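**Q** sequence and predicted structure are below.
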Amino acid sequence: MKWADRVDLAIYLTGCLAALCSRAIDDQLALYIQASVNVFGILALYPRVSRKTDTLKEKSRKEKPDSPKGCLLLVLLVYITAAEVWKMGIVVVVLLLLVVSGIISRTSLFYVPPGHIGIVRRRTGATHPDFPLVTPHDTHGVLARTLLPGRHWMTPFVHEVRIVPRTQVPEGKIGLVTAKAGRTRPGSRALALPVPCDDFQDGVNFLLNGGEQGAQVGVLAGGQSYSINTELFQVRLVDRVHIPAGTIGLVDAKAGGNRPPGALFGPHVECDDFQDGERFLAGGGQQGKQLAVLQGGAYYDINPALFDVISTHNVAARGGPLEARHLKLISIPADRTGVVITLDGANPGKDDQAGPHVPGHQGFHLPWVFLRNGGRRGVQEETLSGGTVSALNPYFVRVMLIPTNLLVLEWDEKTPEKQDNYDVHLGRITVTVQGYRLFVDVKQVIRIPAQSAPGLVRRNGGALISDIGGLDPNRLPVQRFVQRVLGPIVTSYFNQIATASTVLEFVKNYRENRLELATLVENELRDWGVEAARTHLGEFRAEDETLNEMLKRTANEEMESEKLALQLENAEREDAIDKVRVEAERRRLRLPLEAEIESLGLENVMVLKMLREIAQAPVPQFLSGGDLSAFLETLPISRLEALMDRMQNLRGGTGIEGAERPALPEAEGKEGGKRE
């Protein structure tokens, strides 16, 4: 016997004892007390008898039921109570009916306060064979429907109502729903089939439309409250999925169809970033890795029972080859280009060429479009430009950084800090000339255009072979290219000229060798689409120090000889410059005189020249006479003769044709004449 039944029995026996004791005082009072106690007994016994009857009906289908002792007791109690009430007066009967009606109203009218719901349980009636626990019909058991806030009339002594708070899902959380009742889910499915039921608030439609037991596909969004029957559904709160900014989230589906053999990914299904699990399953979503990624800096309402989301929060705890660096956005520096290697797609074929451009995939952000349009697996012609940032699925692509700026490659001794350089495999050039070992330093500057980078990667291989892609900063493709292409060219060239040269010839032709080597390198790199900017030969030295001293003296002598030759060349140039200046000055003086002669005539010009010279000659302050002859007597005869000579040489030293030299006047007193 249950504890509640024991309490009711104790109350009933206490009432009977009180009625028996009251007979010593007043028989009428004892009658009233006994009638009231019997009414209590009827009200307490009826629900138990009703449940017992339903149980007996259920057992009658399987085995022989027990005798309904509770029913006989209830009938006997009703008969005794009716006989006692009959003995009372009409007024007492009316009052008793009013009390009973009040009790009935108290047990049939229910009030559900705001923020709560009422869960109804039917005490009487038959149990529905398809819904023994929670029923969408008005049969025995917990009803699937709930009572919303307000007043509700229920059948007295038939239904009982339990008031519970509405299900609240706070911000930053989602509600995972598990159905306690419904159809049995096949063992091959991890989740129940989705059923339209207004976010699990319509339990009747859930059960009638074939809702299944167990974990459900749909989730309850945060920041809301729901009128959910907690007898039908259990709600568990979990955190929303958060993808940090600057990273991506990868998704593995736990439910859905099976992928075909050999397929890396299932078909892409638009499902609101995996927040609509029903659309994912209805659209043919398959288990395993998904092509779409979750963008960083956002929260998602994703059901963890349907999807496993990998982010930087949990990747370390998962273990395996996937690391946090694979989930970062792929950033291409400005002086690099990103060569894309796809890990899925059609077979590359036998042409040994990079995959051609495929339209529509938006820089590999839509890999399902790439695959649908026939994209091939392997190195792609299309590259990621420098300065771009991409959110790419590392399950689908690997991106290798190839420098597009000028690279200086050196053939020299490699120190530990140079072990990661692109020229790590280029050692100092060593040649043997006439038994002497010579060490040569070589520098080569190259540039790899963006359009040539895919071919370089394809022909020189990537880094590690793995099913995880992402950004691969490994320098191996360029290092292999330098080692396999440039290294043999330079080494074989110097070995070839060392074999056919003497030490002096090697030294003498050293500078000319640079041009020849530069042409050789340029022609070889042209086949790779790589540009050879310039070739530089540094100083070389011999292993034998005696040879070094000899080469040093020879070099000094050559430099001194070159210095003297340069000085001679400069002197010759200065002499030539002086000649040019003299000739220019002569032309400058001749041209105005020729113009003056052409315009005035030769005789007039001669007179003018003579007068200018006379005007510049020194003369005495005073003359004894006022005529010209007295003035001319004061001029030196030699000055007048020089003046006549200059007038006859107006054209660069040649006499003027047809011009007669004017005679100078006889100087008076030459034979002893006296000037005053």
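**A** Arrived safely, thanks for sending.
**Q** remind me which residues of the stretch 451-600 of the chain are low pLDDT?
**A** For the stretch 451-600 of the chain, residues meeting the criterion pLDDT under 70 lie at 462-466, 540, 544, 547-559.
**Q** longest single helix anywhere in this protein?
**A** helix 545-600 (DSSP state H).
**Q** quick one: buried residues of stretch 331-341?
**A** 331-332, 336-341 (16 or more other C-beta atoms under 10 Å). Every residue, glycine included, has its C-beta placed from N, CA and C.
**Q** please apply the same query to stretch 273-284.
**A** 273-281.
**Q** ok, now stretch 424-434?
**A** 426, 429, 431, 433.
**Q** farthest-apart pair in these, please.
**A** Largest separation among these by C-beta to C-beta: 426 and 433, giving 21.0 Å.
**Q** if we can go back for a sec, would you list the buried residues of stretch 273-284 in TSV and tack on distance to residue 156 and secondary structure?
**A** Output for those, formatted as TSV (distance: C-beta to C-beta, whole Å; DSSP: H, G, I helix; E, B strand; the rest coil):
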residue	distance to residue 156	secondary structure
273	52	coil
274	50	coil
275	47	coil
276	46	coil
277	44	helix
278	42	helix
279	47	helix
280	49	helix
281	46	helix
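**Q** pLDDT and distance to residue 503 for the residues you listed - can I get that in JSON lines?
**A** Below are the buried residues of stretch 273-284 laid out as JSON lines (pLDDT from 0 to 100; distance: C-beta to C-beta, whole Å):
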{"residue": "273", "pLDDT": "96", "distance to residue 503": "74"}
{"residue": "274", "pLDDT": "96", "distance to residue 503": "75"}
{"residue": "275", "pLDDT": "96", "distance to residue 503": "79"}
{"residue": "276", "pLDDT": "95", "distance to residue 503": "81"}
{"residue": "277", "pLDDT": "94", "distance to residue 503": "81"}
{"residue": "278", "pLDDT": "93", "distance to residue 503": "85"}
{"residue": "279", "pLDDT": "95", "distance to residue 503": "82"}
{"residue": "280", "pLDDT": "95", "distance to residue 503": "78"}
{"residue": "281", "pLDDT": "93", "distance to residue 503": "82"}
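**Q** out of those residues, who's nearest residue 405?
**A** For these, the nearest to residue 405 is residue 273 (38.3 Å; C-beta to C-beta).
**Q** measure the closest one to residue 295 for me?
**A** Going from residue 273 to residue 295 by C-beta to C-beta, to the nearest Å gives 8 Å.
**Q** could I get the buried residues of stretch 424-434 as a markdown table with secondary structure?
**A** Output for the buried residues of stretch 424-434, formatted as a markdown table (DSSP: H, G, I helix; E, B strand; the rest coil):
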| residue | secondary structure |
| --- | --- |
| 426 | coil |
| 429 | strand |
| 431 | strand |
| 433 | strand |
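**Q** go through the residues you listed and say which is closest to residue 488.
**A** Nearest to residue 488 among the buried residues of stretch 424-434, with distances taken as C-beta to C-beta, is residue 426, at 10.8 Å.
**Q** quick check, pLDDT for residue 623.
**A** What the model reports for residue 623 is a pLDDT of 50.
**Q** what does the one 10 residues further on give?
**A** Looking at residue 633, its pLDDT stands at 54.
**Q** one step back: quick one: list the elements packing against the longest helix of the chain.
**A** On a contact count with 3 or more C-beta pairs under 8 Å, 6 or more residues apart in numbering; DSSP states H and E, helix 545-600 meets helix 503-508, strand 531-542, helix 602-616.
**Q** gap between the spatially most central residue of the chain and residue 296?
**A** Residue closest to the average C-alpha location in the chain (C-alpha atoms, centre = their mean): residue 329, at 2.8 Å. Using C-beta to C-beta, residue 329 is found at 7 Å from residue 296.
**Q** ok, now residue 326?
**A** Applying C-beta to C-beta to residue 326 and residue 296 gives a distance of 13 Å.
**Q** so which of these two has more stuff around it?
**A** residue 326 (23 against 19; other C-beta atoms under 10 Å).
**Q** list the contacts for the more buried one?
**A** Applying C-beta atoms under 8 Å, 6 or more residues apart in numbering, we find residue 326 in contact with 315, 394, 468-470.
**Q** which pair in the residues you listed spans the largest distance?
**A** Across the contacts of residue 326 (C-beta to C-beta), the longest gap, 14.8 Å, separates 315 and 469.
**Q** between helix 602-616 and the longest helix of the chain, find me the angle.
**A** 110 degrees (axes from the mean of the first three to the mean of the last three C-alpha atoms, to 10 degrees).
**Q** chain center to helix 545-600, what's the gap?
**A** 66 Å (C-alpha atoms, centre = their mean, to the nearest Å).
**Q** same check on stretch 113-124?
**A** On C-alpha atoms, centre = their mean, the centre of stretch 113-124 falls 52 Å from that of its chain.
**Q** ok, stretch 109-122 next?
**A** 52 Å.
**Q** find residues that contact each of residue 329 and residue 296.
**A** 246-248, 391.
**Q** just the buried ones from those, in ChimeraX syntax?
**A** In ChimeraX, this line selects whichever of the shared contacts of residue 329 and residue 296 come out buried by 16+ other C-beta under 10 Å:
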select :247,248,391
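**Q** in JSON lines, list the shared contacts of residue 329 and residue 296 along with secondary structure, distance to residue 595 and pLDDT.
**A** What follows is those, written out as JSON lines (DSSP: H, G, I helix; E, B strand; the rest coil; distance: C-beta to C-beta, whole Å; pLDDT from 0 to 100):
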{"residue": "246", "secondary structure": "coil", "distance to residue 595": "84", "pLDDT": "95"}
{"residue": "247", "secondary structure": "strand", "distance to residue 595": "89", "pLDDT": "96"}
{"residue": "248", "secondary structure": "strand", "distance to residue 595": "88", "pLDDT": "97"}
{"residue": "391", "secondary structure": "coil", "distance to residue 595": "84", "pLDDT": "95"}
